[in-house]
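please work out how this folds:
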Amino acid sequence: MWIVFACGSALFAGITAVLAKEGIRTTDSTVATALRTFVVLAGAWGMVFIVGSQAELAHLNVRSTGLLVLSGLATGASWLCYFKALQLGSVSKVVPIDKLSTVLTVLLALIFLGERVSLIGAFGVVLIAAGTLLMLDADDLRGLPRAVHDGGGWLLYALGSAFFAALTAILGKVGITGVESNLGTAIRTGVVLVMAWVMVAVTGKLHEVHTVPKGELGFVLASGAATCASWLCYYRALQDGPASVVVPIDKLSVLVTVLFSALVLREIVSRRYLIGLALLVGGTFAMLIH
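Sure, this is the predicted structure:
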């Protein structure tokens, strides 16, 4: 049964981006992030009570709490960048860029934590980077300097999403590994919720909350529910099955996203893109087995 839950985790993670894309066609991405985080927060705390880790709240120290807050801020920045990138660009391109967080995490760990990477792991990093580049058009790469200069563009936001996701992982490695994972996720999600609504207020978009089309609101909330469903399936699969198999299956969510983006959103996928996707998936497996 655990393999069914592992596949469910990949499925729901994969369709999250597609649902979100449908929900931010006219709705501001920051507003959408703030709204969907309510659903994610409910699911996160639901997981806490399911596994019974709420009692550990009383044992959190100042250092762990501070790092959880910093990690939540990094997660919030990643989500805000990610959904802005989804609003500006195609799902099939944004998601692979976001997966560069794996590469950036390894690099940051090498620089700041002094961690070592095996030869197979390094090969996996190279494959992921090469695959991601192949999944981009030449025009996308040529337009990056201009996007940096203008402070916008989907590629810039997607890279920001990957960077902050990697920073979240490093912060977790530094000092919050002693906190139960579900509880840590729930606390971080609470920080994300506050951060997202502060961003909505600061940017003067509070009035837009009441004007979100019902159809798009449904997709936004559904994307949050899909995230929750993915988490529930993932941790249930880890509970009953081997992590060495569960984790690679979950990482295949990128395949699900590309499939749905092609079938549902009618995004064009070239042969070059498919080769890049194959390299990205192969690199992910290489990093997992090293």
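
CA only for contacts and neighbour counts going forward, please
Noted.

I'd say Ala158 and Pro96 touch.
No - with the criterion set as Cα atoms under 8 Å, Ala158 and Pro96 do not qualify as a contacting pair; they are 9.0 Å apart.

who has more neighbours, those two?
Ala158 (29 against 26; other Cα atoms under 10 Å).

any regions of the stretch 1-150 of the chain where pLDDT drops low?
When residues are selected by pLDDT under 70, those of the stretch 1-150 of the chain lie in 147-150.

run a quick neighbour tally on Leu279.
Using other Cα under 10 Å, Leu279 is surrounded by 22 other residues.

er, Ala226 actually
For Ala226, using other Cα under 10 Å, the count is 25.

ok, now Thr185?
Counted by other Cα under 10 Å, the residues lying close to Thr185 total 20.

ok, the one 3 residues further on next?
Counted with other Cα under 10 Å, the burial measure for Arg188 works out to 25 neighbours.

repeat for the one 5 residues further on
A total of 23 residues lie near Leu193 under the criterion other Cα under 10 Å.

what about it, distance to Ala34?
Leu193 sits 6 Å away from Ala34, taking Cα to Cα, to the nearest Å as the criterion.

what's the answer for Gly190, then?
Summarising the geometry, the distance separating Gly190 from Ala34, computed by Cα to Cα, is 11 Å.

can you check Val103 too?
On the measure of Cα to Cα, Val103 and Ala34 end up 28 Å apart.

cool, and Ala10?
Computed as Cα to Cα, the Ala10 to Ala34 distance reads 24 Å.

try Gly282
Gly282 is 34 Å from Ala34, where distance means Cα to Cα.

higher neighbour count, these two?
Set Gly282 next to Ala34 and count neighbours by other Cα under 10 Å: Ala34 wins out with 24 against 18.

hang on, the more buried one packs against Ala196?
Yes - in this structure, Ala34 is within contact of Ala196 by Cα under 8 Å, at 4.9 Å.

can you list the buried residues in the one helix or strand Leu73 maps to?
In this structure, Leu73 sits in helix 62-88 according to DSSP states H and E. For helix 62-88, a neighbour-count test (16 or more other Cα atoms under 10 Å) marks 64-65, 67-88 as buried.

and for Trp197, the neighbour number?
Around Trp197 there are 19 other residues, counting by other Cα under 10 Å.

ok, it - contacts?
Contacts for Trp197 (Cα atoms under 8 Å, 6 or more residues apart in numbering) come out as 31, 34.

what about 7 Å?
Contacts were defined as Cα atoms under 7 Å, 6 or more residues apart in numbering; by that measure Trp197 touches Ala34.

and the pLDDT for it?
In this prediction, Trp197 carries a pLDDT score of 97.

what segments of the stretch 151-290 of the chain are helices?
Taking DSSP state H, counting those that start in this stretch as the test, the helices found in the stretch 151-290 of the chain are 154-175, 181-202, 214-240, 243-251, 253-263, 271-289.

and the second one with helix 62-88, angle?
An angle of 60 degrees separates the directions of helix 181-202 and helix 62-88 when computed by axes from the mean of the first three to the mean of the last three Cα atoms, to 10 degrees.

going forward, begin numbering at 261 instead of 1
Happy to do that; since the first residue is 261 now, the last one works out to helix 441-462.

now helix 441-462 and helix 474-500, what's the angle there?
160 degrees.

how about the nearest residue to Val451, chain neighbours excluded?
In space, and not counting its chain neighbours, Val451 is closest to Gly332: 5.2 Å by Cα to Cα, 6 or more residues apart in numbering.
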